[in-house]
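J.: would you be able to build a 3D model of this:
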Amino acid sequence: MGELSLNGNLRACSGVLPMVIEAKTQGIKNIIVPLENLNEARLVRDLNIFAFEELLDVVSFLQDRDSYSPIEVQPNYTLDASHYISDFSDVKGQDYAIEFICVAAMNPCPCGYFGDPRCRCTDYEILKYRSRLSGPIMDRIDIQKNFRTLNILDLQNHAPGPSSKSLRKKVEHSRAIQKKRYKQFPGINCNAQMTPNLIETYCQLDSSSIEILRQAYDKFNYSARTYHKFLKLARTFADMEGKDSINKFHIIKALMCREIEKEQARLHTV
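T.: Okay, here's the model as predicted:
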């Protein structure tokens with residue numbers, strides 16, 4: 001079990017422990033895992049655990065199993081948690097976190113023309129329609145943008161926008177900055193993965209930035225969860241500009257990534 005990269009390396013994967021436990025339940029005695037998952041797999045006793053770094057090593061093992069010995073498991077072996085940079089004490093009023101990327105799209109209203117003169121939806125109909133997607137789910141989406149209908153006359157505008165190549169270069173430069181910043185923290189490669197402690201270290205704000213955030217929270221009733229999301233986005237905007245510190249313009253850009261709350265604040269029902 002594990003993930004095979006294009007260059008033939010075996011990469012660590014999530015969920016090795018429950019998979020090994022299930023394998024033992026099914027009567028499987030020999031388990032092959034990526035070397036990075038070894039410590040997790042060896043928690044299950046009475047199994048033959050083999051760990052490799054490359055697919056070629058696995059092939060050699062299958063061709064000559066007698067030359068390999070399973071990893072020895074100490075009777076009282078437990079995982080050393082000292083290398084984890086996340087701690088339960090970091091959780092402040094939030095539930096347990098999971099990590100995934102979600103990209104989704106939806107109509108802004110029942111007719112799909114919200115913000116356009118063609119829209120005839122009432123505020124009540126719009127709010128009822130949007131309530132299909134629960135508030136807690138929406139609150140966990142970092143970037144929420146509303147794309148307006150393109151005017152047919154805009155198609156005559158031949159002014160070129162940024163190219164894919166230039167955008168890629170900017171993103172790669174930003175990710176390189178983040179990778180260097182977090183190189184001493186295992187499992188952290190980008191701003192999105194920052195823990196509360198890292199946010200406190202790398203997302204310090206000046207007084208004007210704090211005041212802008214405070215006004216936004218007072219007006220739109222953002223949840224505590226969104227606070228860290230705004231800081232991570234602001235840190236990313238700063239990285240894309242090559243800035244060491246976050247300023248108020250990065251905070252403003254981060255706030256502009258959450259348009260849904262602003263729209264719904266203008267809707268009224270009776």
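J.: so which residues of this protein form strands?
T.: Per DSSP state E, the chain carries strands over the ranges 3-4, 10-11, 30-34, 48-52.
J.: so, low pLDDT: which residues of the stretch 51-200 of the chain?
T.: Along the stretch 51-200 of the chain, the parts satisfying pLDDT under 70 run over 72-99, 158.
J.: please enumerate the helices of it.
T.: Counting by DSSP state H, counting those that start in this stretch, the stretch 51-200 of the chain has helices at residues 55-63, 123-130, 135-139, 164-181, 196-202.
J.: and of those helices, who's closest to Ser223?
T.: helix 135-139 (5.4 Å; CB to CB). For glycine as for every other residue, the C-beta is placed from the backbone atoms N, C-alpha and C.
J.: most distant residue from the centre of the protein?
T.: In the chain, the residue that sits farthest from the middle, by CA atoms, centre = their mean, is Asp66; the gap is 43.1 Å.
J.: what's the spacing between that one and Phe50?
T.: Distance from Asp66 to Phe50, counting by CB to CB, to the nearest Å: 13 Å.
J.: with Cys119 instead?
T.: 62 Å.
J.: between these two, which is the more surrounded one?
T.: In this view Cys119 and Phe50 are compared by other CB atoms under 10 Å, and Phe50 has more residues nearby, 20 against 16.
J.: retrieve the pLDDT associated with the nearest residue to the more buried one once chain neighbours are set aside.
T.: Once flanking residues are discounted, Phe50 sits nearest to Ile32: 4.9 Å by CB to CB, 6 or more residues apart in numbering. pLDDT recorded at Ile32 is 91.
J.: so Ile32 touches Val58, yeah?
T.: Yes. Using CB atoms under 8 Å, Ile32 is in contact with Val58, at 6.1 Å.
J.: what is in contact with the two at once?
T.: Phe52 (CB atoms under 8 Å, 6 or more residues apart in numbering).
J.: re earlier: quick check: the residue farthest from the centre of the chain vs Asp218, distance?
T.: Going from Asp66 to Asp218 by CB to CB gives 71 Å.
J.: next, count neighbours for Met1.
T.: By the criterion of other CB under 10 Å, Met1 has 15 neighbours.
J.: also Leu198?
T.: 20.
J.: doesn't Asn189 make contact with it?
T.: No. Leu198 lies out of contact with Asn189 (CB under 8 Å); the separation is 11.9 Å.
J.: and for these two, which residues touch both?
T.: Tyr182.
J.: apart from its neighbours in sequence, what residue is nearest Ile188?
T.: Tyr182 (4.1 Å).
J.: revised request: answer the last question for Lys232.
T.: Setting aside the residues directly before and after it, Lys232 is nearest to Asn191 in space (CB to CB, 6+ apart), at 4.9 Å.
J.: ok, that neighbour - contacts?
T.: Gln178, Lys232, Arg235, Thr236, Asp239.
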